[in-house]
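> Task: produce atomic coordinates for the following.
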Amino acid sequence: MILAIESSGRVGSVALVREGDLLGSREFDTRQEACRLLPPAVAALLRESGTAPRDLRGLAVSRGPGSFNGLRVGLALAKALAHALRIPVVGISTPEAWAVECAARHPGRVIAVLQPCRRDYVHATIFPAASAPDSVSPPAVVAVAALPAMLSAAGDPEPVILTGDWSDLEAFAARYPWAEADAGRPESPAAATIARLAEPLLAEAPEDTWFTLRPEYVSLSQAERSHVVNLGL
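Numbers count the residues shown, from 1 in each chain. Okay, here's the model as predicted:
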């Protein structure tokens, strides 16, 4: 059984998955509240499902890119639980989770995951036309002005599907014939998706992952920018 945590976006969630089947899930608001709401959500999910911590065989957590506060809280809890229970923890790319969910709604289409970054920039990742996409371009911080050149040929001959939580995504897609907004997308990918992506990876996860796993932020905190450092986790 896998406990999964998704805290990279505006809506966080936790889920229990066993052999691909969802046993239960809970959502919570991550905006300045993840630290307070995530631990009780995990405790309630375990209690309601009748699951003891010793029943878990692994943990999965969204590693970003995503919000600074949410990722810190999610990874800290996942790593602490994994260390205490001596079970593996796997970090899953947030764009990959976005893309897998989008591919289920738009099979056979090229997908671009767009996430907010600093002003006039987005975090962009392009995935090929496949039901379980692998990235065809490395995740990149891209100026909004450069997005048309980057994306215009990606979906040829069909429009590329734009998904993610960039606030200007719908307006951007409406301006170009080669872009189509993923209108059915949720505010954040689901923890259940994180769990299903992590399940085949747990057997090969290093034992010390709870020490080495690091988040990927869409942008550094103000403190890190001021001191030109990345504090890690």
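> all contacts plus neighbour counts: C-alpha atoms, from now on.
Fine.
> distance of the residue lying closest to Pro206 once chain neighbours are set aside from Arg196?
Spatially, and ignoring its direct neighbours in sequence, Pro206 is nearest to Pro88 (7.2 Å; Cα to Cα, 6 or more residues apart in numbering). Remark: distance between Pro88 and Arg196 (Cα to Cα, to the nearest Å) = 15 Å.
> Looking at the two, which one has more neighbours?
Using other Cα atoms under 10 Å, the more surrounded residue of Pro88 and Arg196 is Pro88, with 26 against 22.
> How about the contacts made by the more buried one?
By Cα atoms under 8 Å, 6 or more residues apart in numbering, the contact list for Pro88 reads Arg57, Gly58, Leu59, Ala82, Leu202, Ala205, Pro206, Glu207, Thr209, Trp210.
> okay, and the helix or strand of the chain with the least pLDDT?
helix 222-227 (a mean of 44; mean pLDDT, DSSP states H and E).
> For the residue nearest to Trp178 when sequence neighbours are not counted, which residues are in contact?
Among residues not flanking Trp178 along the chain, Pro159 sits closest, at 4.2 Å (Cα to Cα, 6+ apart). Counting by Cα under 8 Å, 6+ apart, Pro159 touches Val110, Pro177, Trp178, Ala179, Glu180.
> Show me what the fourth one is bridged to.
Put plainly, it is Ala179. Per DSSP bridges, the residues bridged to Ala179 are Val160.
> helix or strand for Arg196, which one?
helix 191-198 (DSSP states H and E).
> Could you list every helix and strand in contact with that helix?
For helix 191-198, the elements it packs on are strand 2-6, strand 11-18, strand 21-29, strand 58-64, strand 89-93, helix 94-105, judged by 3 or more Cα pairs under 8 Å, 6 or more residues apart in numbering; DSSP states H and E.
> Out of these, which is closest to Arg118?
strand 58-64 (15.2 Å; Cα to Cα).
> partners of the closest one in the sheet?
Strand 58-64 has these strand partners (DSSP bridges): strand 2-6 (parallel), strand 89-93 (parallel).
> Which SSE is immediately downstream of that strand?
helix 68-85.
> other SSEs contacting that next one?
strand 2-6, helix 34-49, strand 58-64, strand 89-93, helix 209-212.
> Sort out which residues of it are buried, please.
Residues 68-79, 81-83 are the ones in helix 68-85 that count as buried (16 or more other Cα atoms under 10 Å).
> Low-confidence regions, this structure specifically.
Applying pLDDT under 70 to the chain picks out residues 32, 130-137, 218-233.
> Roughly how far does the residue nearest the centre of it sit from Thr51?
Note on the chain: the residue nearest the mean C-alpha position is Thr94, at 2.2 Å, using Cα atoms, centre = their mean. Look at Thr94 and Thr51: by Cα to Cα, they are 26 Å apart.
> do the same with Ala203
For Ala203, the distance to Thr51 - Cα to Cα - is 21 Å.
> ok so, going back, out of the buried residues of helix 68-85, which is nearest to Val14?
Gly74 (9.8 Å).
> show me what contacts the closest one?
By Cα under 8 Å, 6+ apart, the neighbours of Gly74 are Ile5, Glu6, Ser7, Ser8, Ala34, Leu38, Val61, Ser62.
> JSON lines for these, including neighbour count and distance to Ser152?
Below are these laid out as JSON lines (neighbours: other Cα atoms under 10 Å; distance: Cα to Cα, whole Å):
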{"residue": "Ile5", "neighbour count": "34", "distance to Ser152": "34"}
{"residue": "Glu6", "neighbour count": "34", "distance to Ser152": "31"}
{"residue": "Ser7", "neighbour count": "35", "distance to Ser152": "31"}
{"residue": "Ser8", "neighbour count": "31", "distance to Ser152": "28"}
{"residue": "Ala34", "neighbour count": "22", "distance to Ser152": "37"}
{"residue": "Leu38", "neighbour count": "26", "distance to Ser152": "39"}
{"residue": "Val61", "neighbour count": "31", "distance to Ser152": "32"}
{"residue": "Ser62", "neighbour count": "34", "distance to Ser152": "29"}
